[in-house]
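K.L.:
here is the input, now give the coordinates:
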Amino acid sequence: MSFLMVVAVVAGVMFGVGALCAVYRIIRGPSILDRALAADVMLAIAICALGAEMAINQHTDTLPVLLVLAMFAIVGSISIARFMSKQDAA
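P.N.:
Next up is the predicted model:
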């Protein structure tokens, strides 16, 4: 096995473990903020995994997908922050 394949497998396993931990926090999170943070972590893992796949296979075909995921992460975080600030004010 080449060095690049070993690195790809190790990165894939680490992304998978991180995603499983984030899913666990989404399911078991005691508050909405825990779940929101876990959803942001899931999006970050997806972005990093797609970026690693692009680097390993040396292409830029999934770059628009990365940009859309980043937009969803930003808009989602801002929406949850606004929702929580209005909830605290009431």
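K.L.:
quick one: list the elements packing against the worst-scoring helix or strand of the chain on mean pLDDT.
P.N.:
Within the chain, no helix or strand scores below helix 63-89, which has a mean of 89 by mean pLDDT, DSSP states H and E. Applying 3 or more CB pairs under 8 Å, 6 or more residues apart in numbering; DSSP states H and E, we find helix 63-89 packed against helix 32-57. Every C-beta, even on glycine, is put in place using the N, C-alpha and C of the backbone.
K.L.:
now do the helix it packs on against helix 63-89, angle only.
P.N.:
For helix 32-57 against helix 63-89, the angle by axes from the mean of the first three to the mean of the last three CA atoms, to 10 degrees is 170 degrees.
K.L.:
next, the buried residues of helix 32-57.
P.N.:
Neighbour-count burial for helix 32-57 flags 35-43, 45-47, 49, 52-54 (criterion: 16 or more other CB atoms under 10 Å).
K.L.:
one step back: how about the least confident helix or strand of the chain, which residues are buried there?
P.N.:
In helix 63-89, counting by 16+ other CB under 10 Å, buried: Leu66, Leu69, Ala73, Ile80.
K.L.:
just how off-centre is it within its chain?
P.N.:
Helix 63-89 sits 13 Å away from the centroid of its parent chain (CA atoms, centre = their mean, to the nearest Å).
K.L.:
and which of the buried residues of helix 63-89 is nearest Val9?
P.N.:
Nearest to Val9 among the buried residues of helix 63-89 is Leu66, at 21.9 Å by CB to CB.
K.L.:
right, I'll leave it there.
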